[in-house]
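Peer 1: okay, here's the prediction I keep looking at, along with the sequence it came from:
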Amino acid sequence: MARLQKKVAIVTGGASGIGEAAAMLFAAEGAKVVIADMQDDNGRRVEKALGSAGLYVRTDVSRSTDVESLVRQAVAKFGRLDILFNNAGVVVVGPTIIDLSEEQFDRMISINLKGVWLGMKHAIPEMIKGGGGAIVNTASTSGMIGYVGQSGYGSSKGGVISLTRHCAIEYAAKGIRVNCVCPGSTVTPMAMGNRPGQTPEQVRERNAQGNPLLRTGMPEDVARTALFLASDDAAHVTGQIVAVDGGFTASAYRGPSPATGQKL
């Protein structure tokens, strides 16, 4: 229970969902955690839950000045920076390429892709000062395969996958590892926002039918994968894209499960 002892981590989008689960888990493993988000009430709630190990910084990850200030405040508070979990994101699901507005597309690219780029741009110099570090970026299975109604979101997440690989190679010699998690269907507040009128239980049941493990993803599933990639357990792992999707992207088969006969 001390895989991140004496480490300092920034978690963007840390006020809810996957980011909150990661912030709590990282702190439980010994890290000091800086939560970056625009949800002030939730951010302060997570900060309070973390006690002296936490700090909330209101941050628009699409703004360079905000991200630069985030890194500066993290170092000022805790003395160093070892881990960056670039997790903040937004999604618009439904419109086709024709129907998706330019404003919607720009917003997803700005937060989901540019925000990851800015996080690494400003965090890496501090990591180099400390002798290295670990970066974990959140992409999506939408960046790996095609879905109807996710052209903008998938494009932004496909960019995160590519950016992860390039950055991993550029900074390997500096002792900085860069990896990427690709969640599949996961029950988060953001996902629930795209399922109006459905309860979390209904969303879990629906999503469970869409992957071979017959279980929908939860924020903790992704957080535990991010923890591994951020820790020294993954000391020889960089430039990798890890799907946390119950096996969804492992197969194109969508018929009855061979094991259970249940419709996938």
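Peer 2: Received, thanks.

Peer 1: surely Ser64 meets Leu118?
Peer 2: Yes: counting by C-beta atoms under 8 Å, Ser64 touches Leu118, with 5.5 Å between them. Yep, even glycine has a C-beta here, placed from its N, CA and C like the rest.

Peer 1: residue contacts, the closest residue to Leu25 other than its chain neighbours?
Peer 2: Nearest residue to Leu25, sequence neighbours excluded (C-beta to C-beta, 6 or more residues apart in numbering): Ala223, at 4.8 Å. By C-beta atoms under 8 Å, 6 or more residues apart in numbering, the contact list for Ala223 reads Ile18, Ala21, Ala22, Met24, Leu25.

Peer 1: any idea which helix or strand carries Ala223?
Peer 2: helix 219-230 (DSSP states H and E).

Peer 1: that helix: how far from the chain's middle?
Peer 2: 9 Å (C-alpha atoms, centre = their mean, to the nearest Å).

Peer 1: what's the neighbour count on Gly51?
Peer 2: When neighbours are counted by other C-beta atoms under 10 Å, Gly51 registers 8.

Peer 1: which residues touch Thr96?
Peer 2: By C-beta under 8 Å, 6+ apart, Thr96 lies in contact with Val148, Gly149, Ser151.

Peer 1: what's the second one sitting at in phi/psi?
Peer 2: Backbone torsions for Gly149, taken as degrees, to the nearest 10, come to phi 80, psi 20.

Peer 1: pull the helix or strand with minimum mean pLDDT from the chain.
Peer 2: Scoring the helices and strands of the chain by mean pLDDT, DSSP states H and E places helix 189-192 at the bottom, with a mean of 67.

Peer 1: want to throw the contacts of Thr96 into TSV with distance to Gln198 and neighbour count?
Peer 2: Output for these, formatted as TSV (distance: C-beta to C-beta, whole Å; neighbours: other C-beta atoms under 10 Å):
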residue	distance to Gln198	neighbour count
Val148	19	8
Gly149	17	17
Ser151	23	20
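
Peer 1: hmm, back to that, quick one, which of Ser64 and Leu118 is more surrounded?
Peer 2: Using other C-beta under 10 Å, the more surrounded residue of Ser64 and Leu118 is Leu118, with 24 against 14.
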